[in-house]
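> Structural data only, the sequence is not supplied:
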């Protein structure tokens, strides 16, 4: 089993319903792995995992990192090169002026700062103060994700404007339609991360059930043996899914899992 977090597993912005927690417990008790597959960076996973009672692996940053929840360590990460990120920012600026940039880094024992942003970057969700005053500082180290913000546009519009320009250089997706796109190493998606996890557990692709709601879930929903979109999903996710369940605030994930657990 694999599930996106926001807009899918969570009933609201921060909590999982008791009904969903109960069925996740039954899944785990049956010896079936339950994998979080999220656009969130690893630092935003433990709180959700604790609610769900999960301490195994999580596919994070849209497939750019595999995180061991119980050990609180990153198993592997796929990172963008700083030179490439600078070049991409210049290309975007020429086609779509007014964008600002942030990154999610892996972090090390010497530097545990993982989120770094230009001072002008506007957060689409709650975040601490921006760290990094210049673009050179922001894009100066390898990163799991390059975040491109433009609060005057939707994610759909940004992807339409920037996508053709960056084709082949990065993998482009978005997890909100509020003026943000997310760029990663080419070929890095939730599907690629989940494929690695499935191989580790010896689970066939055809046996994987995945849940999601946004554009960044499309590849995972297509890859899984059975892809389930929430009723509240972005149209791209609805089109990619084999099944549509109830919305996240009506226990859509639980409704499907209760067929077997």
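Perfect, I can see it now. The model shown is predicted, which means the values in this text are computed figures rather than measured ones.

> so who does the nearest residue to residue 139 once chain neighbours are set aside touch?
The shortest distance from residue 139 to any non-neighbouring residue, by C-beta to C-beta, 6 or more residues apart in numbering, is to residue 85 (4.4 Å). Quick note: C-beta positions are derived from backbone N, CA and C, even for glycine. Listed by C-beta atoms under 8 Å, 6 or more residues apart in numbering, the contact set of residue 85 reads 101, 103, 139, 143, 146.

> Of those, which pair is most distant in space?
Distance extremes for the contacts of residue 85: the farthest pair is 101 and 143 at 10.0 Å, using C-beta to C-beta.

> So for the two, which residue has more residues nearby?
residue 143 (27 against 24; other C-beta atoms under 10 Å).

> Please verify my assumption that that one contacts residue 77.
No. Counting by C-beta atoms under 8 Å, residue 143 stays clear of residue 77, with 9.5 Å between them.

> starting at the chain centroid, how far to the helix or strand bottoming out on mean pLDDT in the chain?
Lowest mean confidence among the helices and strands of the chain (mean pLDDT, DSSP states H and E): strand 115-117, at a mean of 90. Offset of strand 115-117 from its chain centre (C-alpha atoms, centre = their mean, to the nearest Å): 17 Å.

> Which of the contacts of residue 85 sits closest to residue 58?
residue 143 (18.6 Å).

> Run through the bridge partners of the closest one.
Listed by DSSP bridges, the beta-bridge partners for residue 143 are residue 80.

> and residue 155, what pLDDT?
You'll see residue 155 listed with a pLDDT of 92.

> count of residues packed around it?
Counted with other C-beta under 10 Å, the neighbours of residue 155 add up to 24.

> OK, contacts around residue 217?
For residue 217, the contact set (C-beta under 8 Å, 6+ apart) comprises 4, 8, 37, 190, 210, 229, 233, 237, 240.

> Now a ChimeraX select for only the buried ones of these.
To isolate the buried subset of those in ChimeraX, counting by 16 or more other C-beta atoms under 10 Å, use the following:
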select :4,8,37,190,210,229,233,237,240
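
> Closest one to residue 169 out of the contacts of residue 217, please.
residue 190 (19.7 Å).

> got the contact list for the closest one?
Residues in contact with residue 190 (C-beta under 8 Å, 6+ apart) are 2, 4, 37, 38, 59, 62, 63, 212, 216, 217, 219, 220.

> I'd like to know how far it sits from residue 64.
Shown here: residue 190 relative to residue 64, a distance of 10 Å by C-beta to C-beta, to the nearest Å.

> now residue 156
Separation of residue 156 from residue 64 (C-beta to C-beta): 22 Å.
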